[in-house]
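quick one: sequence plus predicted model below, questions after.
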Amino acid sequence: MLTIKQINKTGLLARYISNPKERRIVLISFILSAIFIIIGVLYVALSYQTLMMEETRQYKESFKQLGSISRIGFFAVIAIYPVFLLLKWKKIKGIRLGDIQLKTVLQFLAKWVRKWHVPVALISTAIVLLHGYLAIIRGFKLDFTYISGIVTTIILFFLMVMGLKRYKRIDKQWHLKLGIGFFILFMIHATFA
């Protein structure tokens with residue numbers, strides 16, 4: 001049986017993520033996300049009859065809460081973009097808040113948003129998948145909410161693939177472009193659902 005250490009050194013992630021610590025955090029986050037999805041699917045399977053007998057409004061509120069939680073996670077994930085954009089701004093060096101230089105604060109924030117970008121994205125994706133699963137098992141409808149949710153999830157899948165390629169800088173800025181597209185689509189889905 002392979003250990004996390006062995007998978008970390010030889011797996012798919014080793015080809016893309018050269019930093020072993022970062023690779024390990026991504027691997028652990030991926031495993032936790034997979035466990036979360038498995039537990040969610042098992043819970044739904046074990047309480048399927050109860051869920052199907054629930055009032056439609058109450059049921060919708062349950063899976064909408066998962067969508068709201070993932071939205072908060074994705075806002076945290078998207079925070080990486082404005083922080084790094086501000087750090088590239090040349091005039092940032094001259095801005096001070098009393099004795100504190102704004103660039104120093106942004107560098108501290110950049111370290112944290114970079115470290116937690118992928119783990120929070122993976123966990124938020126797991127929550128989105130459960131949200132979609134709960135929405136679809138009660139009955140698929142060919143309406144704006146379902147179609148926009150499915151399109152947004154497909155974009156999210158490609159965003160994750162390009163995110164992996166981003167580690168090697170071979171994504172040709174597709175991770176950023178898909179990230180902006182995903183942000184717009186998930187906000188439309190969340191607002192008009």
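Cool, the structure landed.

can you give me the pLDDT of residue 62?
Listed pLDDT for residue 62 reads 86.

point out where this protein drops to low pLDDT.
1-10 (pLDDT under 70).

can you name every helix or strand that the longest helix along it contacts?
Using DSSP state H, we find that the single longest helix of the chain is helix 102-137. Here helix 102-137 touches helix 20-46, helix 48-53, helix 56-78, helix 80-88, helix 144-166, going by 3 or more CB pairs under 8 Å, 6 or more residues apart in numbering; DSSP states H and E. In short, each C-beta sits where N, CA and C put it, glycine included.

burial of the closest residue to residue 16 other than its chain neighbours, as a residue count?
The shortest distance from residue 16 to any non-neighbouring residue, by CB to CB, 6 or more residues apart in numbering, is to residue 167 (4.6 Å). Neighbour count for residue 167, taken as other CB atoms under 10 Å: 19.

go ahead and confirm residue 167 touches residue 12.
No: at 11.5 Å, residue 167 does not count as touching residue 12 under the criterion of CB atoms under 8 Å.

could you measure residue 36 against residue 148, distance?
As judged by CB to CB, to the nearest Å, residue 36 and residue 148 stand 24 Å apart.

ditto for residue 57
21 Å.

higher neighbour count, these two?
Ranked by neighbour count (other CB under 10 Å), residue 57 and residue 148 place residue 148 first, with 18 against 7.

got a list of what the closest residue to residue 30 other than its chain neighbours touches?
Leaving aside its chain neighbours, residue 30 sits nearest to residue 122 (5.6 Å; criterion: CB to CB, 6+ apart). Counting by CB atoms under 8 Å, 6 or more residues apart in numbering, residue 122 makes contact with 26, 29-30, 32-33.

which among these end up buried?
Taking 16 or more other CB atoms under 10 Å as the criterion, what is buried in those is 26, 29-30, 33.

ok, residue 130 touching residue 42?
No: counting by CB under 8 Å, residue 130 does not reach residue 42; the two are 11.2 Å apart.

what about stretch 111-130, distance to the chain center?
4 Å (CA atoms, centre = their mean, to the nearest Å).

mind checking how far the closest residue to residue 70 other than its chain neighbours is from residue 174?
Spatial nearest neighbour of residue 70, excluding adjacent residues (CB to CB, 6+ apart): residue 127 at 4.1 Å. Per CB to CB, residue 127 is found 24 Å from residue 174.

more neighbours: those two, which one.
Neighbours per residue (other CB under 10 Å) separate residue 127 from residue 174, with residue 127 holding more: 24 against 17.

buried residues, stretch 128-144. List them.
Buried residues in stretch 128-144 (16+ other CB under 10 Å): 128-132, 134-135.
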